[in-house]
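Asker: this one's sequence-less:
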Ligand code: MSP
């Protein structure tokens, strides 16, 4: 019998920087789903990849002094290594710079144009002549160019538009007739009330202000809008419009697109409208998961509050990190990441409950019977509850997994683990072993413990594939006894099952020691911000230039100390005074990362905000964020002490934003 296809995707990631734990959340969840479906017997296509075009990448590459392709190649290699490290199972990896994808995107654009779904129109906006950039009214800062602070003019430019406006009613109908199309439900209300009901506008789908993208093949000075390019990946990766693959008929429409909540709009409005325009079937579901937050805010490289998944995996094992991500946070909601929560979860669930159950059970089997259980049995009504619970588990896990409630699916399995630990206390094998007439009973108790572990390990396999394989080896359960189906019935292990002592699966972590080690900055790519700074530290940040020793000479540091400081060139986009302070200015900076950075600096006595806008400065980019007068500051400007005054160090205009200073 041929297997049923199942197609699941993650978003394709921007290779603008190293990925953080928030990014890996979605990929791990997708992997868990893919593994689950494979174990159930589906023929799974799991797609992920990288979204490599656009102005942001072009600028980053220029700042790094390399070509865009050189830039993305390096970052993409790191992303692929991360997926290998995190045990991401068999998947197809698409890069939007792959030739076959570019070829398909050109065809998709042309097809939409030929059908009249895309037309040539005029893009009207505010134009900054020196920067050659169009801006919308809302992007302007004080009516001026947000990049350079200069005057903008009303201008118009030829551009292609997609007739998105005509799809409002069809999208409303889609949500109404397919309540499962977009989940969780709250996301539907957001799309309807915030975007569709107010009226959709046609979407500008070409750009001429940069070149790093897929050119419109019949009008190559236009570059295809990066989201049209990116969304198309879900079908080009199956061979739509190209000869590289031939899986479109088999896998399309996708069973589910997993996406983060901020890109739900692209997936539940623009993407279905594009597919309708192409006369293609729509994906069965878009699931908008929540964000992992750090100290209540979204992780972001420019804020310096990102957590490196590779470091966590090296410290605690890949499986422990995967378990934490899916057990701790309800998939549809935001969740706060913290080292304490991670360590607590590993210690309680994995070291205490699961790890301990396995090691106790195997040790007792070896101690009482020398590895192999005798075949005599003596059942007792007190076994019934455990057996019934184990037999009912598969249906419960599947119900939760099919609803993408990973945390509940895992919790159901862990209930069986806890119940088995309780069963050990109830049956007290250490008492039974003393009475030779109870050998059959003791063997039964141990067998029931092993069976519960076998069943729990089957349902935890998608989350912790390596650890579960080790557990199964220890309890003498070979692959045939660990199929997904076999998890539905208690009593599959042979009566004379042979166990094998193995390594400790999840060593207990000393919370205090570990937090101290992590506090030293080992775990985050950049140190995580604390919500509040002690007053003394905050004061230090206000000072415009680094402090010298009382002798007037800075104490000597090594080159390694110096290398710890990340100096970057940044441009002042906006500058205002901090309320109720004569000393502080609040600056919005473009540090080349694509996201604005806010820095508060104690230079108000010597500079007016107007003087600073447009200027390029040097910042300490990896300084722990701190609040000054209640205003968050993400770094500090370099300035020279001249008498009582501070003179900001300015950099000439030709140095790109984000350039490293060393
Ligand atoms: N390139 C687009 C997606 C195009 S899909 C056709 C993009 N890339 S991204 O790299 O910025 O984000 C990729 C995914 O990572 C998004 O789904 C985003 O929500 C997710 N996450 C980024 N930070 C996150 C957290 N802190 N927590 C959870 N997910 C997060 O958007």
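Answerer: Structure received. Being a predicted model, the structure only gives us computed values, none of them experimental.

Asker: contacts, neighbours, all on C-alpha from now
Answerer: Noted.

Asker: by contact count, what packs against the helix or strand in which residue 449 is found?
Answerer: Per DSSP states H and E: residue 449 is located in helix 439-460. Helix 439-460 sits against helix 356-369, helix 384-402, helix 406-427, helix 429-432, helix 465-474, with contacts defined as 3 or more Cα pairs under 8 Å, 6 or more residues apart in numbering; DSSP states H and E.

Asker: so for the ligand, which of those helices sits nearest?
Answerer: With distances scored as Cα to the nearest ligand atom, the stretch of the helices and strands packed on helix 439-460 nearest to the ligand is helix 406-427 (14.9 Å).

Asker: tilt between that closest one and helix 384-402?
Answerer: For helix 406-427 against helix 384-402, the angle by axes from the mean of the first three to the mean of the last three Cα atoms, to 10 degrees is 170 degrees.

Asker: contacts for helix 406-427, please.
Answerer: 326-331, 349, 353-354, 357, 386, 389-390, 393, 396-401, 445, 449, 452-453, 456, 459-460 (Cα atoms under 8 Å, 6 or more residues apart in numbering).

Asker: stretch 179-188: end-to-end distance?
Answerer: 9 Å (Cα to Cα, to the nearest Å).

Asker: give the buried residues for it.
Answerer: Of all the residues in stretch 179-188, those buried under the rule 16 or more other Cα atoms under 10 Å are 180, 181, 182, 183, 184, 187, 188.

Asker: same question, stretch 153-166
Answerer: Buried-residue list, stretch 153-166, by 16+ other Cα under 10 Å: 159, 160, 161, 162, 163, 164.

Asker: ok, now stretch 573-581?
Answerer: For stretch 573-581, by 16+ other Cα under 10 Å, it's 573, 574, 575, 576, 577, 578.

Asker: which ones are touching the closest residue in space to the second one that isn't next to it in sequence?
Answerer: Leaving out its chain neighbours, the residue that sits closest to residue 574 by Cα to Cα, 6 or more residues apart in numbering is residue 588, at 5.0 Å. Contacts for residue 588 were tallied using Cα under 8 Å, 6+ apart; they are 572, 573, 574, 575, 596, 597, 598, 599.

Asker: okay, who's weakest in these by pLDDT?
Answerer: Lowest pLDDT within the contacts of residue 588 is found at residue 596 (83).

Asker: pretty sure that residue is touching residue 574, no?
Answerer: No - with contact defined as Cα atoms under 8 Å, residue 596 does not reach residue 574; the gap is 10.0 Å.

Asker: which bits of the stretch 151-300 of the chain sit near the ligand?
Answerer: With the criterion set to Cα under 6 Å from any ligand atom, the stretch 151-300 of the chain comes near the ligand through 230, 231, 259, 260, 261, 262, 290, 291, 292, 293, 298, 299.

Asker: give me the buried subset of those.
Answerer: 230, 231, 259, 260, 261, 290, 291, 292, 293, 298, 299.

Asker: what would the residues you listed look like in TSV with pLDDT, secondary structure and distance to residue 145?
Answerer: Formatted as TSV, these follow (pLDDT from 0 to 100; DSSP: H, G, I helix; E, B strand; the rest coil; distance: Cα to Cα, whole Å):
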residue	pLDDT	secondary structure	distance to residue 145
230	98	helix	28
231	98	helix	30
259	98	strand	32
260	96	strand	30
261	94	helix	29
290	95	coil	33
291	94	coil	31
292	95	strand	33
293	94	strand	31
298	81	strand	27
299	81	coil	27
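
Asker: what's stretch 318-328 in contact with?
Answerer: Contacts for stretch 318-328 (Cα under 8 Å, 6+ apart): 25, 28-29, 85-87, 312-313, 342, 345-346, 350, 406-408, 410-411, 463-467, 506.

Asker: what about the closest residue in space to residue 261 that isn't next to it in sequence, how many neighbours?
Answerer: Once flanking residues are discounted, residue 261 sits nearest to residue 288: 4.8 Å by Cα to Cα, 6+ apart. For residue 288, the tally of surrounding residues (other Cα atoms under 10 Å) stands at 26.

Asker: residue 219: how many residues sit nearby?
Answerer: 8.

Asker: separation between it and the ligand?
Answerer: 24 Å (Cα to the nearest ligand atom, to the nearest Å).
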